[in-house]
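# what follows is a protein structure lacking sequence information:
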């Protein structure tokens, strides 16, 4: 069931969203060669707790970390551990924060030191595809309008969108209806209403859109061809005349 949020609920989601955003800013400053993903996870956990929130991901479906840390060919859901970042890596960090019962969800892909031109282009196209996706979106638009705009922009730049993973509604629950694919056709899917909150999250690959789901840890998703992937996500609020980015 797709939920429309009340004024009070939206204000709590703004606070959850700000804390999610601020956590990512903190983590970006800490990224450097030699830093482990476990250190980033510990930094995020302490910051979120200290500011009155709870990490949405910790324990969710058994996930052990407070954040998802996905390096290079890892698309999403990488588990923090003792892996040290290296010069030339890219790392996608996904953060979820629950504040007084409401969730914010956001992701960014960051460079570790100097990276290749291809990886830099991948990060930039992935980020811009999010903004292309929400361009001209407002109450009365369709989910498919977002999906088609993301896909068209990504493919125009020679990359592919992951089709096995999608964005989602968000609110009292981390994952709610509707699903928000990064591919599809304008005018299709659920119609968006004022007060709906959704997480739009392009996941973009250099090569094939096909992915593998790890049987070893049950979480990590990697590109099928081993080429790099990037992730950009924000929680947004649907308005009568546009959208508000909450994260």
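Cool, the structure landed. Given the structure is predicted, the values throughout are model-derived calculations rather than measurements.

# could I get the full set of helices for this protein?
Assigned by DSSP state H, the helices in the chain fall at 7-30, 37-50, 117-133, 143-156.

# highest mean neighbour count out of those helices?
helix 143-156 (a mean of 22; mean count of other C-beta atoms under 10 Å). Every residue, glycine included, has its C-beta placed from N, CA and C.

# can you give me the distance of residue 28 to residue 43?
Separation of residue 28 from residue 43 (C-beta to C-beta, to the nearest Å): 11 Å.

# hang on, the earlier thing: would you turn the helices of the chain into a markdown table with distance to residue 193?
Shown next, in a markdown table, are the helices of the chain (distance: least, C-beta to C-beta, whole Å):
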| stretch | distance to residue 193 |
| --- | --- |
| helix 7-30 | 13 |
| helix 37-50 | 30 |
| helix 117-133 | 18 |
| helix 143-156 | 11 |
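
# among these, which is nearest residue 75?
Nearest to residue 75 among those is helix 117-133 (11.1 Å), distances taken as C-beta to C-beta.

# which strands or helices does that closest one pack on?
The contact analysis (3 or more C-beta pairs under 8 Å, 6 or more residues apart in numbering; DSSP states H and E) places helix 117-133 against strand 90-99, strand 102-111, helix 143-156, strand 203-205, strand 229-231.

# using TSV, please lay out the ones you listed together with distance to residue 213 and mean pLDDT.
Shown next, in TSV, are the helices and strands packed on helix 117-133 (distance: least, C-beta to C-beta, whole Å; pLDDT from 0 to 100):
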stretch	distance to residue 213	mean pLDDT
strand 90-99	16	98
strand 102-111	18	98
helix 143-156	21	98
strand 203-205	13	98
strand 229-231	14	98
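
# nearest to residue 164, of the helices of the chain?
helix 143-156 (14.2 Å).

# now render the helices and strands packed on helix 117-133 as a markdown table, adding distance to residue 221.
Below are these laid out as a markdown table (distance: least, C-beta to C-beta, whole Å):
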| stretch | distance to residue 221 |
| --- | --- |
| strand 90-99 | 11 |
| strand 102-111 | 13 |
| helix 143-156 | 17 |
| strand 203-205 | 9 |
| strand 229-231 | 9 |
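
# before we move on, the earlier item: closest to residue 103 out of the helices of the chain?
Closest among the helices of the chain, using C-beta to C-beta: helix 7-30, at 5.8 Å.

# so how far is the closest one off the chain centroid?
13 Å (C-alpha atoms, centre = their mean, to the nearest Å).

# show me where the protein dips below the pLDDT cut-off.
For the chain, not a single residue meets the criterion pLDDT under 70.

# circling back to that earlier point, residue 73: which of the helices and strands packed on helix 117-133 is closest?
Nearest to residue 73, of all those, is strand 229-231, at 6.3 Å by C-beta to C-beta.

# pull the residues that contact that closest one.
By C-beta atoms under 8 Å, 6 or more residues apart in numbering, the list of residues contacting strand 229-231 from outside reads 70, 72-76, 90, 92, 94, 107-109, 122-123, 125-126, 162, 201-206, 222-223.

# if we go to 7 Å?
Defining contact as C-beta atoms under 7 Å, 6 or more residues apart in numbering, one finds that strand 229-231 is touched by 70, 73-76, 90, 92, 94, 107, 109, 122-123, 126, 201, 203-205, 223.

# kindly report the same for stretch 45-54.
Outside stretch 45-54, the residues that touch it by C-beta under 7 Å, 6+ apart are 16, 19, 23, 26, 55, 66, 97, 98, 99.

# could you redo the last one with a cut-off of 8 Å?
Identification of contacts with stretch 45-54 by C-beta under 8 Å, 6+ apart yields 16, 19, 22, 23, 26, 55, 58, 66, 97, 98, 99.

# report the distance from it to the chain centre.
For stretch 45-54, the distance to the chain centre is 19 Å (C-alpha atoms, centre = their mean).
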